[in-house]
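Engineer: predicted model follows, preceded by the sequence.
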Amino acid sequence: MKLIECVPNFSEGRDRAVLDAITAEISGTEGARLLDVDMGAATHRTVVTFVGTPAAVEEAAFRAIRTAAERIDMSRHHGEHARMGATDVCPFVPLAGATMDDCVAIARRLGERVGRELGIPVYLYEAAANRPERRALADIRAGEYEGLPRKLADPAWAPDFGPAEFRPRSGATVIGAREFLIAWNVNLNTRDKRLAQRIAEELREKGKTVKDAEGRSTVRPGRFKELRGVGWYIEEYGRAQVSFNLTNHRVTSLHAVFDACCALAESMGLRVTGSELVGLVPLEALLSAGDHYLLRQGRTPGVSRDERLRTAVLSLGLSDLAPFDAAAKIVELRARGDRASLGDLRLQGFLDELGSESPAPGGGSAAALSGALAAALASMVAALAWGKKGREGERPALGALGERAQALKDWFLAAVDRDAAAFDDVLAAMRLPRKTPEEKAAREAAMQRATLAAAEVPQEVLERAVGALQLALAAAERGLPASVSDAGVAGACARAAAEGAALNVRINAASLQEGPAREALLARQATALAQAHTLADLVRAAVEGKLTPAQ
């Protein structure tokens, strides 16, 4: 599932009722989850953070912008922060499964709708900008609200959407797409903020101003792109920090900056004691750091997500000032909220639920779990071989095998819940009223949609089981001789996942009406199952060929 973050800034930081009305629109949009509301009285500005599916964040953002235009009067607004509209800026940020192109498309659709339906002038910025001179927010916002009448009268500053007319009450809105901004502080064992500032100037993109041999000032760029930084002293902590903003963690990573801070601090007689994340952080940034430090430790990154996160937290010292709560600080985990997951149950709890009178979870979830077991075993075999002395040359292939297996394991675990949820949707359709011909027709259509969706989940499990069998075969061929039985069990579990999922596809297909959709589904099922059987036989043959006969 694609997950996108939206961080609209509203020109209201004092009236809680206005903000409650705006955020209620977000919370009331199905598929959107409100994460944070940061009010600022002095700036007279509030930053709201929410996440959701692409369609949900787009709809929630429109509703919030509409309500802000109804409830905020910019002609009476004064605050410390630069601003030009009731909804001043509304960026979209790609998270799990989403791309920048997804966010650009959302920004442009939303901008067109806001301009057309609400009559608000809209400018596009950052990745969504139509003109290079409009990429930077500061350039668009120059002159602020008070300068809008003059700006809108200039053809060069005609809005991308909406009327080129000054709207005193709503002002103008800037909508765009950008990467996730990570606010992060590195802690030093000193109270001297000048030392922290020296590190910031050495590393940040804009660098520092220095004088040449003739006394002329010149700017010496810093070491990292997409990095802002400043040194300061925090009385609460009794120490200096280097405060960073990473504007694109894929260009400049947390671990690269942290390692550079440590090296610079040591050269200055200082020590980095840890670091502190301010606000939320994307999962990818911490997983990347975990992989970096695992490799530095001579360990494979083909381990569980929790182990990769644990390594990142320990290596970056994220619990230096306060315990690091991954569920609260990682945006994708925060977005899950308190939703219960079958995958989070202990083995005993899951088996008790599976063995209860409830029809879900059932065979489809069990098939997905079998796939997860297969992938986990393939990862284990790869990890054992990765650490074996003399196998260093095979580490890239073994690491890739482990990483693929871990990703597939996580997919199967999510499918355990998806299968149960799909069956619940079928039951919900069955409960629809059927007193009139219209109700009967609507119920039948809903049941067909739900049944087709319920069949699609095990079909995907079946197709992923083919992938798990490929991993099991690679594990049997590349793993240590002592681990070949584990690869064999991985193959057996993957075969069970495939055959179990195929049965669930067939039983759901039996409830579908005759037609192209049913036939296409059954054809996919037959093709994938045949592939699974072929691979399962290859895994078995590879394992048998390496097993030493009993004496």
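Structural biologist: Right, received. Where do you want to start?

Engineer: just the helices from the stretch 451-551 of the chain, written as ranges.
Structural biologist: 484-509, 516-546 (DSSP state H, counting those that start in this stretch).

Engineer: between the ones you listed, which gets nearest to Ile65?
Structural biologist: helix 516-546 (38.6 Å; C-beta to C-beta). (C-beta placed from N, C-alpha, C; glycine too.)

Engineer: mind listing what's buried along the closest one?
Structural biologist: Neighbour counts over helix 516-546 (16 or more other C-beta atoms under 10 Å) mark 518, 521-522, 524-525, 528-529, 531-532, 535-536, 538-540, 542-543, 546 as buried.

Engineer: what of stretch 11-25?
Structural biologist: Ser11, Glu12, Gly13, Val18, Leu19, Ile22, Thr23, Glu25.

Engineer: of the residues you listed, which belong to helices?
Structural biologist: The helices, defined by DSSP state H, take in Val18, Leu19, Ile22, Thr23, Glu25 from these.

Engineer: most widely separated two among these?
Structural biologist: Farthest pair in these, by C-beta to C-beta: Val18 and Glu25, 11.8 Å.

Engineer: among the buried residues of stretch 11-25, which one has the lowest pLDDT?
Structural biologist: Scanning the buried residues of stretch 11-25 for pLDDT, the smallest score is found at Gly13, 89.

Engineer: roughly how far apart are that residue and Arg45?
Structural biologist: Computed as C-beta to C-beta, to the nearest Å, the Gly13 to Arg45 distance reads 5 Å.

Engineer: give me the common contacts of these two.
Structural biologist: Gly79 (C-beta atoms under 8 Å, 6 or more residues apart in numbering).

Engineer: for stretch 535-543, what is the average pLDDT?
Structural biologist: Mean per-residue pLDDT for stretch 535-543: 95.

Engineer: pull the distance from that stretch to the chain's centre.
Structural biologist: Averaging C-alpha positions (C-alpha atoms, centre = their mean, to the nearest Å) puts stretch 535-543 36 Å from its chain's average.

Engineer: contact partners of that stretch?
Structural biologist: Contacts for stretch 535-543 (C-beta under 8 Å, 6+ apart): 466, 469-470, 472-473, 476-477, 484-485, 487-488, 490-492, 494-495, 498.

Engineer: apply 6 Å and report the result again.
Structural biologist: Identification of contacts with stretch 535-543 by C-beta atoms under 6 Å, 6 or more residues apart in numbering yields Leu469, Ala472, Leu473, Ala476, Glu477, Val484, Gly488, Gly491, Arg495.

Engineer: gap between the residue nearest to the last one when sequence neighbours are not counted and Val484?
Structural biologist: With sequence-adjacent residues excluded and distances taken as C-beta to C-beta, 6 or more residues apart in numbering, Arg495 is closest to Ala536, at 4.0 Å. Distance, Ala536 to Val484, by C-beta to C-beta: 15 Å.

Engineer: same check on Met100?
Structural biologist: For Met100, the distance to Val484 - C-beta to C-beta - is 44 Å.

Engineer: so between those two, which is more surrounded?
Structural biologist: Between Met100 and Val484, Val484 has the larger neighbour count (other C-beta atoms under 10 Å), namely 20 against 16.

Engineer: surely that one and Gly545 touch.
Structural biologist: No - taking C-beta atoms under 6 Å as the definition, Val484 is not a contact partner of Gly545, at 8.9 Å.

Engineer: can you count the residues close to the nearest residue to Val539 once chain neighbours are set aside?
Structural biologist: For Val539, ignoring the flanking residues on the chain, the nearest one in space by C-beta to C-beta, 6+ apart is Gly491 at 3.3 Å. Gly491 has 28 neighbours, counted by other C-beta under 10 Å.

Engineer: what pLDDT is listed against Gly491?
Structural biologist: pLDDT at Gly491 comes out at 96.

Engineer: just use 8 as the starting number from now, easier for me
Structural biologist: Sounds good: first residue 8 from here, last item Gly498.

Engineer: who touches it in this structure?
Structural biologist: Ala479, Ala543, Val546.

Engineer: I'd like the distance between it and Leu542.
Structural biologist: The gap separating Gly498 from Leu542 is 8 Å, by C-beta to C-beta.

Engineer: follow-up on the earlier one: pipe the contacts of stretch 542-550 into a markdown table and attach distance to Arg116 per row.
Structural biologist: Output for those, formatted as a markdown table (distance: C-beta to C-beta, whole Å):
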| residue | distance to Arg116 |
| --- | --- |
| Leu476 | 41 |
| Ala479 | 44 |
| Leu480 | 45 |
| Ala483 | 49 |
| Glu484 | 49 |
| Val491 | 54 |
| Gly495 | 51 |
| Gly498 | 47 |
| Arg502 | 45 |
